[in-house]
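Asker: structure for this input, please:
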Amino acid sequence: MRYYRGYVATKGKKSIDKFKGVPDEELRTLEEAKKLDSYGGVLAPDIVLLDFDKPEDSAIAYDIIPSLGLRCRISHSSRGYHFLFR
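Answerer: Predicted coordinates:
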């Protein structure tokens, strides 16, 4: 299951690489992105990402989402959690 089309270089939370209208094969690979100081993923078209930066909000979502029987990928970020839904 592919969650990201590819990856871009970032500064802060802003992309410094173009990605709109760019074919997937022209985006950076994860291996290339990991060599950068900062990078972000470009979501695949059928993916929705919920990003909670406050730990207390993340904890609430972490409890609610599974209790509703929703299936998603959960990953821990430096500030909280990312919930990726197809």
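Asker: contacts and neighbour counts: CA atoms only from here.
Answerer: OK.
Asker: give the bridge partners for the one residue sitting closest to the centre of the chain, please.
Answerer: Against the mean C-alpha coordinate of the chain, by Cα atoms, centre = their mean, the closest residue is G41 at 5.4 Å. In this entry, G41 is beta-bridged to Y7, by DSSP bridges.
Asker: that one contacts Y7, correct?
Answerer: Yes. Under the criterion of Cα atoms under 8 Å, G41 makes contact with Y7 at 4.4 Å.
Asker: my read is that C72 contacts F85, right?
Answerer: Yes. With contact defined as Cα under 8 Å, C72 reaches F85; the gap is 4.9 Å.
Asker: any idea where the helices of this structure begin and end?
Answerer: For the chain, the helices defined by DSSP state H cover 30-33, 55-67.
Asker: those helices: lowest mean pLDDT?
Answerer: Looking over the helices of the chain, mean pLDDT reaches its minimum on helix 55-67, with a mean of 91.
Asker: elements contacting it?
Answerer: Applying 3 or more Cα pairs under 8 Å, 6 or more residues apart in numbering; DSSP states H and E, one finds that helix 55-67 contacts no other helix or strand.
Asker: what sits up against that helix?
Answerer: Helix 55-67 has contacts (Cα atoms under 8 Å, 6 or more residues apart in numbering) with F52, R71, R79, G80, Y81.
Asker: repeat that with 6 Å
Answerer: For helix 55-67, contacts defined as Cα atoms under 6 Å, 6 or more residues apart in numbering pick out F52, G80, Y81.
Asker: quick one: the last one from E31, how far?
Answerer: Summarising the geometry, the distance separating Y81 from E31, computed by Cα to Cα, to the nearest Å, is 22 Å.
Asker: higher neighbour count, the two?
Answerer: Applying other Cα atoms under 10 Å to Y81 and E31 shows that Y81 carries more neighbours, namely 21 against 9.
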